[in-house]
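[1] Kindly return the folded structure for what I paste below:
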Amino acid sequence: MLAIEPVRLRMLQSLRSTELAFAAILLFGLLGMTARNATDPDLWWHLRTGQLIVESGHVPHYDPFSFTRAGHAWISHEWLSEVVFYELWKHGGFAALIVFSAIITTAGFMLLYLRCRAKAYWAAAATALAALAASPSWGVRPQMFTFTLASLLLWLVERGENRPKLLFWIPPLFLIWLNLHAGFALGPALLFAYGLGLLWENATGSAAWTEARPKLLRIFALLAACLALVPFNPSGTQLYRYPFHTLRSTGMRSFISEWFSPDFHQLLYRPFLLLWLLVFIALAISRARPKGRTIFPLLLTGLASVDAVRHIPIFILVALPVIVAAIPVGSESLPNFNWRNKRFRLRPLFNAVVIILIVVFAVVKWVVVVDNETAREAELFPQTAAASLKSSDVKSSDGSGRLFDYYDWGGYAIWKLYPEYRVFVDGRADLYGDDLLRQALKTTLNLRTGWREVLDHWQIEVVIVPPSCALAQGLLLDPGWRAVFSDPKADIFVRSQPAGQNRDISTAVTQESAPLLGQKSEIMFPRSVPNLRN
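    Here you go, the predicted structure:
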């Protein structure tokens with residue numbers, strides 16, 4: 001018996017070292033996988049806002065960047081993220097932003113892995129699949145703070161069942177969260193769903209009241225504390241209504257792709273579909289009846305994920321532990337290990353080699369992404385056109401700086417051209433409202449009826465749009481405008497006649513005449529914004 005124990009101890013130590021190896025492989029693999037170029041359309045106005053806050057010493061409460069909403073109230077709900085991003089860019093350039101965002105995103109997934117760690121090997125594989133399913137949301141964007149803080153919240157709530165003192169960390173966590181991103185509303189929503197689940201367990205008799213009561217009191221006390229903390233931000237109590245205002249915006253749901261439901265015909269969303277199927281299978285084969293505290297958050301986040309792409313990562317945080325919990329434990333039992341087997345004794349060396357290779361992969365991926373940053377910027381944004389517009393040889397006739405821009409380029413124009421030029425719209429869809437979004441994305445860009453009236457009403461002097469855009473084709477035939485710059489990425493037009501002046505009817509361009517330009521007569525530019533936003 002004494003001879004057997006040392007062998008068993010060695011087996012346990014080797015098992016733990018293998019589990020650590022899996023965790024390390026997952027960690028560095030995710031650090032490489034989540035490294036993305038800093039090209040989110042909204043990053044640019046985030047950087048400019050961060051610069052404004054740092055240099056002025058205060059958070060703006062009114063819009064400084066556009067002429068359509070100049071002076072209107074603006075809730076800068078991401079102000080702390082913007083300061084962090086600007087300071088990172090200022091001291092480390094885009095490399096710092098790329099690496100930092102990869103670390104933040106990876107931290108969220110590693111917390112998810114820890115919640116499933118009872119079955120370490122399966123948990124590592126499942127977390128990798130979850131990361132792939134959430135990949136459409138990766139990027140240098142404040143939303144990654146919401147993902148990681150939601151992951152931390154769920155970890156604290158679950159660990160807090162047996163260690164209630166951990167729950168005291170939730171209010172300070174929430175205070176930071178509500179100043180980083182408006183996704184903070186997910187915190188109270190998840191706590192409320194968890195509390196409803198506890199009530200359901202008690203109502204159905206699956207949990208005794210004496211057991212559920214202290215947990216319920218703690219959860220709803222935390223919920224009340226979080227809601228009471230919301231005004232502790234530069235916008236005060238206005239932040240209470242901001243998440244509801246965003247969710248009710250029909251313009252955002254009509255024009256912005258990450259507010260669309262996931263299209264499972266696209267390969268990009270197949271891993272997410274697979275996770276949904278695994279959830280159904282896990283619930284069907286699970287020997288234990290699912291707890292209400294699991295089902296209610298799962299229903300909440302599941303409905304949200306099929307309603308809008310941007311909610312997929314939060315659903316994954318709730319769904320993955322359900323999937324891993326349904327996997328049989330027997331596949332990881334100790335009898336599978338034979339200490340006297342030579343290959344088994346060489347496993348630590350093999351693990352070390354694999355970890356080193358994964359570390360090399362992560363570093364190489366970081367270097368490649370950073371080196372490719374400038375090329376990706378030029379591919380997605382009007383880099384040369386913005387530089388030309390910034391120069392003295394391209395100016396509007398009256399120097400007003402009223403710029404009509406393609407929606408995805410609004411933030412880039414703010415970063416590159418402010419304060420000389422102010423934009424028509426940018427990624428702050430909540431600020432502009434549904435009417436202005438329709439004027440820009442539906443009417444003007446697509447040469448719908450009234451497009452010229454939009455340009456005249458707002459006294460727009462400069463237009464920068466892609467050459468394939470219907471508006472670019474229309475302005476080429478309009479004597480009231482002249483092209484001053486053109487390259488494969490962007491065309492720039494300035495007024496040659498005062499707004500509203502009569503034009504030769506033969507040159508008028510409408511949607512009906514658009515086919516003559518070789519364009520489609522219906523929607524002549526994508527109805528949705530192709531890139532995700534915050």
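[2] Which residues belonging to the longest helix anywhere in the chain are considered buried?
    Longest helix in the chain by number of residues, with DSSP state H as the criterion: helix 79-115. Along helix 79-115, these residues count as buried under the neighbour rule (16 or more other Cβ atoms under 10 Å): 79-86, 88-89, 94-102, 104-115. (Each C-beta comes from the backbone N, C-alpha and C, glycine too.)
[3] helices or strands next to the helix or strand that it is followed by in the packing?
    Per DSSP states H and E, the first helix or strand lying C-terminal to helix 79-115 is helix 120-133. The contact analysis (3 or more Cβ pairs under 8 Å, 6 or more residues apart in numbering; DSSP states H and E) places helix 120-133 against helix 4-33, helix 79-115, helix 270-285, helix 312-325.
[4] Tell me which residues are up against the following helix or strand past helix 120-133.
    Counting by DSSP H and E, the next helix or strand C-terminal to helix 120-133 is helix 143-159. Residues outside helix 143-159 that contact it (Cβ atoms under 8 Å, 6 or more residues apart in numbering): 81, 101, 104-105, 107-109, 111-112, 114-115, 134, 137-138, 166-167, 169-170, 173-174, 176-177, 180-181, 183-184, 186-187, 190-191, 194, 219, 310, 313-314, 317-318, 534.
[5] 7 Å instead?
    Contact with helix 143-159 is made by 81, 101, 104-105, 107-108, 111-112, 114-115, 137, 166-167, 169-170, 173, 177, 180-181, 183, 186-187, 190, 194, 313-314, 317, 534, as judged by Cβ atoms under 7 Å, 6 or more residues apart in numbering.
[6] So for that helix, what gets flagged as buried?
    143-158.
[7] now swap in stretch 172-181 and tell me
    So stretch 172-181, judged by 16+ other Cβ under 10 Å, has buried residues 173-175, 177-181.
[8] for the record, mean pLDDT for that stretch?
    The average pLDDT within stretch 172-181 is 96.
[9] Now do it: distance to the chain's middle.
    Remark: stretch 172-181 is offset 16 Å from the chain centroid, using Cα atoms, centre = their mean, to the nearest Å.
[10] Ok, which of the helices and strands packed on helix 120-133 comes nearest Leu455?
    helix 79-115 (31.1 Å; Cβ to Cβ).
[11] can you give me the helices in the stretch 351-500 of the chain?
    Secondary structure of the stretch 351-500 of the chain (DSSP state H, counting those that start in this stretch): helices at 373-380, 383-390, 410-417, 429-437, 451-457, 470-476.
[12] Just send the helices and strands packed on helix 120-133 back as JSON lines, with mean pLDDT and distance to Ala490 too.
    Supplementary listing: the helices and strands packed on helix 120-133 in JSON lines, determined by pLDDT from 0 to 100; distance: least, Cβ to Cβ, whole Å:
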{"stretch": "helix 4-33", "mean pLDDT": "73", "distance to Ala490": "32"}
{"stretch": "helix 79-115", "mean pLDDT": "96", "distance to Ala490": "21"}
{"stretch": "helix 270-285", "mean pLDDT": "93", "distance to Ala490": "34"}
{"stretch": "helix 312-325", "mean pLDDT": "94", "distance to Ala490": "32"}
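[13] Export these to JSON lines and append columns for distance to Thr39.
    Formatted as JSON lines, the helices and strands packed on helix 120-133 follow (distance: least, Cβ to Cβ, whole Å):
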{"stretch": "helix 4-33", "distance to Thr39": "17"}
{"stretch": "helix 79-115", "distance to Thr39": "9"}
{"stretch": "helix 270-285", "distance to Thr39": "22"}
{"stretch": "helix 312-325", "distance to Thr39": "19"}
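[14] Quick check: which of the ones you listed is nearest to Ile355?
    From those, taking Cβ to Cβ, the stretch that ends up closest is helix 4-33, at 5.0 Å.
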